[in-house]
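>>> Dropping the sequence and predicted coords here.
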Amino acid sequence: MATPLVGMNGRELEAFFVAQGESAFRGRQVAKWIYSRAAREWSAMTDLSAAMRNRMVAEGVPVGPTTVEERHVSADGTTKFVLRLHDQQFNESVQIVHPDRLTACVSSQVGCAVGCPFCATGLGGFKRHLTPGEIVDQYLTMQHEAAGRISNIVFMGMGEPLLNTENVIAATHILNKEVNVGMRHITVSTSGIIPGIERLLAEEIPVNLAISLHAANDTLRDKLVPINKTYPLGDLIPLCKRYADTSNRRLTFEYVMLRDENDSPEQARELVSLLRGVHCHVNLIPHNPVDGSGLTASDAQIIRNFRDVVQNAGFTTTIRFNKGQDETAACGQLRGRLPARRKAPARS
Ligand code: SAH
Ligand code: SF4
């Protein structure tokens, strides 16, 4: 298969067209079509000659590397897209509708090797990394159909972005420079992969960082986020502090609320002492049901009590409103395989 256009940066697109015997300017025109206007077909690029477009189609040069296999629209407007990749794997992305903005939740891998026991992606194991083009294409696919501009991107879909750091950084640069999404509107959520965080720091990539903490001591975190055995809290938290201090940005700590596992007032106080001195925000996430996890969500009142302890200690603390649960589009419900056939068939 010829290399798809989406995934090439501006310079690579220019070089591609020069190699085709066209001018570099064609590359800039095409960059505008695919990245600024989210065109998905050659036929949409009406200021290019029909002869050239026909030649590209005849040569089988795809615009994007993925195609929409299924869409699932939740009652709250959250839309889950199941995308087919060239090797017949599936990848999932979610468009989230907020009152004031649209957010694209994108995946960085098919599956995930970290294996958190409360997460559907983790329970399914690791399949492969996504390429920069496959990451960017998720945003473009959703933008193509969106009612307005998708202004925010969160790497909170399938996979651990900082175990695919090279491709995630390349995708971030395309999203920033070509698609024009501000770095400060991009959030990378990580289970705490220290070399990846260090690389973001070293390359001064000013994305927002969200750390999936879920436990405030190593014994519990080894169980809930197994990569903690490799990157324990004693190394992770000082690095988070350095990230916040160096980038002058507030970090987010995510904490999924699991009944009788990590939700007691003592555990809230343990969290407070762990995070003391780190410029951060705490986001409590009620657990979304996942078949086979054996774990369940904390009661709403337990979550509020936990929030109060953390908030009263001086941390801004929010409880994440779960979106898309009815279509298994919510955090940690993405599996990357086709669900049993049901409503919402693919639009052609
Ligand atoms: N791998 C990265 C990013 C993807 S997961 C990470 O772990 O940060 C995005 C967020 O959803 C993480 O905070 C993750 O812990 C959380 N999550 C996973 N499964 C969940 C579930 N079943 N219910 C609620 N949140 C979940
Ligand atoms: Fe991987 Fe994140 Fe799921 Fe853990 S929560 S298994 S790191 S996707």
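Noted; the coordinates are in hand. Ligands and ions are numbered 1, 2, ... in the order given.
>>> now the residue of the stretch 101-250 of the chain found nearest ligand 2, what's its secondary structure?
The minimum distance from the stretch 101-250 of the chain to ligand 2, using C-beta to the nearest ligand atom, falls at Gly122 (2.5 Å). In short, each C-beta sits where N, CA and C put it, glycine included. Following DSSP: H, G, I helix; E, B strand; the rest coil, Gly122 is assigned to helix.
>>> Measure how buried it is and give me the count.
Gly122 has 24 neighbouring residues, counting by other C-beta atoms under 10 Å.
>>> From here on, call the first residue 160.
Got it, the first residue is 160 from now on, which makes the last one we talked about Gly281.
>>> Cross-check the contact I'm expecting between it and Cys271.
Yes: counting by C-beta atoms under 8 Å, Cys271 is a contact partner of Gly281 at 5.2 Å.
>>> And the nearest residue to Ala403 once chain neighbours are set aside, how far from ligand 1?
Ranked by C-beta to C-beta, 6 or more residues apart in numbering and with sequence neighbours excluded, the top spatial neighbour of Ala403 is His438, at 4.3 Å. Separation of His438 from ligand 1 (C-beta to the nearest ligand atom, to the nearest Å): 19 Å.
>>> what about Leu359, neighbour count?
For Leu359, the count of nearby residues is 22 (other C-beta under 10 Å).
>>> Tell me the residues on the stretch 210-359 of the chain that lie near ligand 1, please.
Contact residues (C-beta under 6 Å from any ligand atom) of the stretch 210-359 of the chain with ligand 1: 271, 277-278, 315, 319, 348-350.
>>> Spell out the residue ranges of the helices in the stretch 260-409 of the chain.
For the stretch 260-409 of the chain, the helices defined by DSSP state H, counting those that start in this stretch occupy 279-283, 291-304, 324-336, 353-361, 377-383, 392-406.
>>> Kindly reformat those helices as CSV containing mean pLDDT.
Formatted as CSV, the helices of the stretch 260-409 of the chain follow (pLDDT from 0 to 100):
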stretch, mean pLDDT
helix 279-283, 90
helix 291-304, 98
helix 324-336, 98
helix 353-361, 97
helix 377-383, 98
helix 392-406, 95
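>>> hey, which of the ones you listed is tucked in deepest?
Comparing these by mean neighbour count (mean count of other C-beta atoms under 10 Å), helix 291-304 ranks first with a mean of 24.
>>> For Ala505, give me the pLDDT.
Looking at Ala505, its pLDDT stands at 38.
>>> Smallest distance to ligand 1 belongs to which residue of this protein?
For the chain, C-beta to the nearest ligand atom, closest residue to ligand 1: Gly491, 1.7 Å.
>>> For that residue, which non-adjacent residue is spatially closest?
Leaving aside its chain neighbours, Gly491 sits nearest to Cys278 (4.2 Å; criterion: C-beta to C-beta, 6+ apart).
>>> helices or strands next to the helix or strand bottoming out on mean pLDDT in the chain in the packing?
For the chain, using mean pLDDT, DSSP states H and E, the weakest element among its helices and strands is helix 279-283, scoring a mean of 90. For helix 279-283, not one helix or strand is in contact under the criterion 3 or more C-beta pairs under 8 Å, 6 or more residues apart in numbering; DSSP states H and E.
>>> Tell me the spacing between Ser457 and Ser266.
Using C-beta to C-beta, to the nearest Å, we find Ser457 at a distance of 26 Å from Ser266.
>>> Of those two, which one has the most company?
Remark: of Ser457 and Ser266, Ser266 carries more neighbours, 26 against 22, as counted by other C-beta under 10 Å.
>>> Alright, that wraps it up for me.
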